[in-house]
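Undergrad: Here you go, sequence then predicted model.
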Amino acid sequence: MKNLLPLLLLLLTVSCKKIATIPASNKVSISNITLHTSLKLTNNTNAAVDLNNWQLKEVVDYISTSTNSFTITGKIISKGSDITFSAGELGFGLNFMYTRIYLYDNSGNLIDEH
């Protein structure tokens, strides 16, 4: 058992390690969510970003976990600008109590979560 302790500690450290995230100042981020109304993305980069095929995913964890997704099409966000999506457009409930929102780029990389 004594020989297993270092291995167990290593496995625990690796499994608990938080995935590195891009600082909000260098990415497109979920900057505001208004309850049941809208979601705003802000471009904090130094260039325009083509959001075509990026995805917003809502994970609702209440009685059972469900996922809703929205694929962004035909939107380019200039540097320092915002873009807002209505709850109706997204098809999301935007309920703070049980909802987590994730933003993925067109390669499936997690960019931000709220």
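TA: Structure's in. What do you need? Numbers count the residues shown, from 1 in each chain.
Undergrad: got the contact list for Ile77?
TA: 28, 41, 43, 48-49, 51, 83 (C-beta atoms under 8 Å, 6 or more residues apart in numbering). In short, each C-beta sits where N, CA and C put it, glycine included.
Undergrad: how about the residue nearest to it when sequence neighbours are not counted, what does it touch?
TA: Of all residues not flanking Ile77 in the chain, Asn43 sits nearest, at 4.4 Å (C-beta to C-beta, 6 or more residues apart in numbering). Applying C-beta under 8 Å, 6+ apart to Asn43 gives the contacts 28, 49, 77-82.
Undergrad: Any chance of the residues you listed in TSV with pLDDT, distance to Thr34 and secondary structure as columns?
TA: Shown next, in TSV, are the contacts of Asn43 (pLDDT from 0 to 100; distance: C-beta to C-beta, whole Å; DSSP: H, G, I helix; E, B strand; the rest coil):
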residue	pLDDT	distance to Thr34	secondary structure
Val28	95	18	strand
Val49	96	22	strand
Ile77	96	18	strand
Ser78	96	22	coil
Lys79	94	24	coil
Gly80	94	21	coil
Ser81	96	18	coil
Asp82	96	13	strand
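Undergrad: What subset of the residues you listed is buried?
TA: In those, burial by neighbour count holds for 28, 49, 77, counting by 16 or more other C-beta atoms under 10 Å.
Undergrad: And these, which is closest to Tyr102?
TA: Closest approach to Tyr102 among the buried ones among the contacts of Asn43 (C-beta to C-beta): Val28, at 12.7 Å.
Undergrad: Sounds good, over and out.
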